[in-house]
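# Kindly return the folded structure for what I paste below:
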Amino acid sequence: MHRRNECDKILLVHGIWMTGIEMSRLRWYLSGHGFDVETFSYHSLRRTPEENAEQLQQFIKRRQYECVHLVAHSLGGIVLLNLFDRYPDQPPGRVVLLGAPVQGSMVARRLFAHPLTRWLIGKAGVRGLIEGAPPWRGQRELGVIAGTSGVGMGRLVGGLYGESDGTVMVSETQIPAAVASHSHSVGHMGMLFSARVASDVAGFLKTGHFSEQQA
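Purely as a prediction, here's the structure:
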């Protein structure tokens, strides 16, 4: 077991169609790296990312964190950008986004365009999967991880080009203000179960760099 870190709190934020249980493996990995990990759960379809950011703000205030790292997957990353856009004064800590389509999602746009599949996106498109997230306004170190396996449900919908995790294109995850970015040959959901991805997340939260940048 690793020793506790100076800032040892992590709050995980899940993606669309999820409850947070899907992040249990990642939570277990990060706990093994010496972190105390919690999960924020929200309704991904019934509320907009901005509304869920309000719920997240209240969750953080109730916890009264002195320092907390934030790690978000997929739509959860868009919720975080909405959080920092509306409530920039957050407790100190670093941020990692996993496969988050902050530039908007081509797969989501295709699903939303069809009447029979529009319900699969719900309200997640507003300042989110359809429109794209607000610009990053957090005054802290931000790391971005993308998947490149190319295998996922997005292939069934179509519209993907270039490198992708099978659901989200690498280009859709890019944030110019990020201090570091890294990619792994994993799928969109597979990154939540990858020990290598978890090690990358832990390393960034401890140092502000991904492993290959620590020379």
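# Least confident secondary structure element in this protein?
Least confident helix or strand of the chain, by mean pLDDT, DSSP states H and E, is helix 154-157 with a mean of 77.
# Tell me the helices and strands packed up against it.
For helix 154-157, the elements it packs on are helix 106-113, judged by 3 or more Cβ pairs under 8 Å, 6 or more residues apart in numbering; DSSP states H and E. Any C-beta I mention is one placed from the backbone N, CA and C, and that applies to glycine too.
# Only C-alpha atoms, please: export the helix it packs on in CSV.
Presented in CSV, the C-alpha positions along helix 106-113 are these (Å, rounded to 0.1, in the frame of the first residue of the first chain):
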residue,chain,number,x,y,z
MET,A,106,-20.0,13.7,-33.3
VAL,A,107,-21.6,10.4,-32.1
ALA,A,108,-23.9,12.3,-29.8
ARG,A,109,-24.9,14.7,-32.6
ARG,A,110,-25.9,11.8,-34.8
LEU,A,111,-27.9,10.2,-32.0
PHE,A,112,-29.7,13.4,-31.2
ALA,A,113,-30.5,14.1,-34.9
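# pLDDT of that helix, averaged?
For helix 106-113, the mean pLDDT works out to 95.
# Following element in sequence after it, please.
strand 142-147 (DSSP states H and E).
# Just list what that next one packs against, helices and strands only.
strand 95-98, helix 170-173, strand 180-184, helix 195-207.
# correct me, but S41 touches L11?
No: the criterion here is Cβ atoms under 8 Å, and S41 misses it with L11 at 11.1 Å.
# Those two: who's more crowded?
Legend: neighbour count by other Cβ atoms under 10 Å for S41 and L11, higher for L11 (22 against 15).
# which outside residues touch the helix or strand where the more buried one lies?
Here L11, judged by DSSP H and E, is contained in strand 9-13. Residues from elsewhere that reach strand 9-13, judged by Cβ atoms under 8 Å, 6 or more residues apart in numbering: 20, 23, 26-27, 30, 35-40, 42, 56, 59-60, 63, 65, 67-73, 76-77, 79-80, 93, 205.
# Touching, A195 and W28? I think so.
No: the pair A195 / W28 is not scored as a contact, 10.1 Å apart, by Cβ under 8 Å.
# What is the biggest helix by length in the chain packed up against?
Using DSSP state H to define each element, the chain has its longest helix at helix 49-63. Under the contact criterion of 3+ Cβ pairs under 8 Å, 6+ apart, helix 49-63 touches strand 9-13, strand 36-40, helix 75-86.
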